[in-house]
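>>> A structural model of the following input is requested.
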Amino acid sequence: MVNNKKDVEWAEAKKKCRLNVETVRMAKEMGLNPRKLIENIPNKTQRWKAPVHEWIRELYEERQEKAKRKRLLKKEYSPESVTSLEE
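From the prediction side, this is the model:
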């Protein structure tokens, strides 16, 4: 029942926000709420707001870059690299 309700909400968000399958996947992966996506549809007076599909892609790219930097920092300061520096 709950899963079916979420599917209906995602289908509604996909239709109203004009999202494709890939953008919906990104939004779900980031844990975004479909109801909040609908609320973030820019109004005609809100020209500063990006369309929802662009906003999701920008958020996704930012999070991917942040995760990549975090992995690189973790790799640099791992115990294996510290022992190699001591030798």
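>>> can you list the residue ranges for helices in the protein?
2-16, 21-30, 34-39, 52-76, 79-86 (DSSP state H).
>>> pLDDT weak spots in the protein?
Along the chain, the model assigns pLDDT under 70 to residues 1-2, 79-87.
>>> mind running it again at 50?
Scanning the chain for pLDDT under 50 picks out 85.
>>> quick revisit: how about CSV for the helices of the chain, with mean neighbour count and distance to T45 added?
C-beta: built from backbone N, CA, C; applies to glycine. Formatted as CSV, these follow (neighbours: other C-beta atoms under 10 Å; distance: least, C-beta to C-beta, whole Å):
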stretch, mean neighbour count, distance to T45
helix 2-16, 12, 18
helix 21-30, 15, 24
helix 34-39, 16, 15
helix 52-76, 13, 16
helix 79-86, 8, 53
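>>> how close does A50 sit to N3?
As judged by C-beta to C-beta, to the nearest Å, A50 and N3 stand 30 Å apart.
>>> show me what contacts I56?
I56 sits next to L19, T23, M26, A27, M30, L32, L37 when contact means C-beta atoms under 8 Å, 6 or more residues apart in numbering.
>>> looking at it, the third one is touching Y60, isn't it?
Yes: M26 lies in contact with Y60 (C-beta atoms under 8 Å); the separation is 4.4 Å.
>>> what is the nearest of the contacts of I56 to K75?
M30 (23.6 Å; C-beta to C-beta).
>>> please verify my assumption that that closest one contacts E62.
No: using C-beta under 8 Å, M30 is not in contact with E62, being 10.1 Å away.
>>> quick one: N3 and N43, what's the gap?
In terms of C-beta to C-beta, N3 sits 32 Å off from N43.
>>> do the same with A13
17 Å.
>>> repeat that for H53.
16 Å.
>>> I'd like to know how far R47 sits from E12.
25 Å.
>>> what are the phi and psi values at W48?
Main-chain torsions, W48, degrees, to the nearest 10: phi -70, psi -20.
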